[in-house]
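> Return a 3D structure for these sequence lines:
(one chain, ligands or ions: 1)
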Amino acid sequence: MLNKFFPNTIINFHAVYDKAWMEKVLILLKKNYNMVSAIDIESFYRRGYKLKNSCHITFDDGDQSFYKIVYPIIKKHKIPVSIYVSPLMTMEKKNFWFQEILGYDNKKLREIISTTIKDQPKNYSSYPLGALLKNMQLEFIWKIIYEYQKETSTPMKPGMNMTYEQLLELHRSGLVEIGAHTQNHPILKNENDKTAFIEITESISQLRIMLQSEVKYFAYPNGVPHLDFGQREINILKNAGIYISYSTENNTIDAKDDPLSVPRNGISKGNNAFIMAKLFAGRRWDPFKKLLIKGDEIKYRYNKCL
Ligand SMILES: [Zn+2]
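Predicted coordinates for the structure are as follows:
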């Protein structure tokens, strides 16, 4: 029985560590929504196709856990999804910067940031580490990672993302639509025009060659509108022939949205009641979240000093 109270929505996941949790969440969604594909979302925005009580699921980054944990579950329950990957990470078996620093000693990282970056924000110590890094250009983030590795004799991690063969298998399954997510996952707004253009267009063109297929969809790294991307990125995507690009703005979808800035509700944890409350709250969730979480990362992101 479909729950008519849930508005059309797109849900975003990243790496998944818990198989039982993932299956429970997907069953819950399937019970409450019509599960639709990326092409249905394209039709909704581009061809006036009506959606009712519908949900599309996306996964960002192309982590191995998608192939190992999620893919068997969506095959079993026949749920269409779309994923957003970097062809560069795939082909070179490399990690995004945030994958590389997983498990690093935060205190040591902060110490390196304070010696590497000259102009510190005044109240730097109160900044969450994630906000500090996301305020930087990619070049500086990697400078800090290399310095950490040098000082602590930490080797580069083996690749954590899906292989080319796995992506091809997903592409041929008919259940998984593959879109681009830049090459190196910079916060696009922090980069200059040339880097932003190359990061976006090369990820699309390389993915087209790898899949021997059209690439029509894109997801912005980190994805907060106005903070992580802006009109410049939207224009680049428009010129590159992208139909739909996804942000991480927590909201339900509406035919009046800009198809190159489509909101998605992020889910990374929580029991069924929590998830349904979040989906039911829709656009009211963000202010609610700010009441719950002290030291919201985004607050510090608006205060760029690096
Ligand atoms: Zn991402």
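> Quick check: Arg46 touching Asp257?
No. Counting by Cβ atoms under 8 Å, Asp257 is not a contact partner of Arg46; they are 11.8 Å apart. Placement of C-beta: from N, CA and C, glycine included.
> Neighbours of Ser247, how many?
23 (other Cβ atoms under 10 Å).
> now the residue nearest to it when sequence neighbours are not counted: how far from Phe6?
Nearest residue to Ser247, sequence neighbours excluded (Cβ to Cβ, 6 or more residues apart in numbering): Gly223, at 4.6 Å. Separation of Gly223 from Phe6 (Cβ to Cβ, to the nearest Å) stands at 22 Å.
> Those two: which is more packed in?
The neighbour count for Gly223 versus Phe6, taken as other Cβ under 10 Å, is higher for Gly223 (24 against 19).
> tell me the secondary structure for the residue of the stretch 151-300 of the chain found nearest the ion?
Closest to the ion within the stretch 151-300 of the chain is Pro221: 4.9 Å, counting by Cβ to the ion. Three-state assignment for Pro221 (DSSP: H, G, I helix; E, B strand; the rest coil): coil.
> what's the nearest residue to it if we skip its chain neighbours?
Excluding the flanking residues, the one nearest Pro221 by Cβ to Cβ, 6+ apart is His185, at 4.5 Å.
> how many neighbours does that neighbour have?
Counted by other Cβ under 10 Å, the residues lying close to His185 total 23.
> what mean pLDDT would you report for stretch 205-223?
Averaged across stretch 205-223, pLDDT comes to 97.
> ignore the last one, stretch 272-289
Mean pLDDT, stretch 272-289: 67.
> and Asn272, how many neighbours?
For Asn272, the neighbour count with other Cβ under 10 Å is 12.
> So what sits opposite Asn12 in the bridge?
Beta-bridge pairing for Asn12 (DSSP bridges): Thr58, Gly266.
> any idea how far Pro263 is from it?
Relative to Pro263, and taking Cβ to Cβ, Asn12 is found at 10 Å.
> so what sits against both of those two?
Counting by Cβ atoms under 8 Å, 6 or more residues apart in numbering, the contacts common to Asn12 and Pro263 are 246, 248.
> Pull the distance from the longest helix along the chain to the chain's centre.
Criterion DSSP state H: the longest helix present in the chain is helix 193-211. Its chain's C-alpha centre and that of helix 193-211 lie 16 Å apart, by Cα atoms, centre = their mean, to the nearest Å.
> ok, it near the ion or not?
No. Residues of helix 193-211 are not located near the ion by Cβ under 5 Å from the ion, the shortest gap being 11.6 Å.
> got the buried residues for that helix?
Buried positions in helix 193-211, judged by neighbour count with 16 or more other Cβ atoms under 10 Å: 195-197, 199-204, 206-208, 210-211.
> got a list of what the one residue in the stretch 1-150 of the chain that gets nearest to the ion touches?
Distances between the stretch 1-150 of the chain and the ion by Cβ to the ion are smallest at Asp60, namely 4.0 Å. Neighbouring residues of Asp60 by Cβ under 8 Å, 6+ apart: 12-14, 83-84, 181, 219, 223.
> quick one, what contacts the residue lying closest to Phe197 once chain neighbours are set aside?
Leaving aside its sequence neighbours, Phe197 sits nearest to Ile236 (Cβ to Cβ, 6+ apart; 5.6 Å). Going by Cβ under 8 Å, 6+ apart, Ile236 touches 196-197, 200-201.
> Ramachandran coordinates for Ile236?
phi -60, psi -40 (degrees, to the nearest 10).
> Go through the contacts of Ile236 and name the one nearest Leu175.
Relative to Leu175, the closest of the contacts of Ile236 is Ile200; by Cβ to Cβ it sits at 26.1 Å.
> ok, now how distant is the residue lying closest to the closest one once chain neighbours are set aside from Val25?
With Cβ to Cβ, 6+ apart as the criterion, Ile200 has its nearest non-adjacent residue at 4.9 Å, and that residue is Ile236. Between Ile236 and Val25 the distance is 33 Å, computed by Cβ to Cβ.
> same check, this time on Leu102
Taking Cβ to Cβ as the measure, Leu102 falls 22 Å from Val25.
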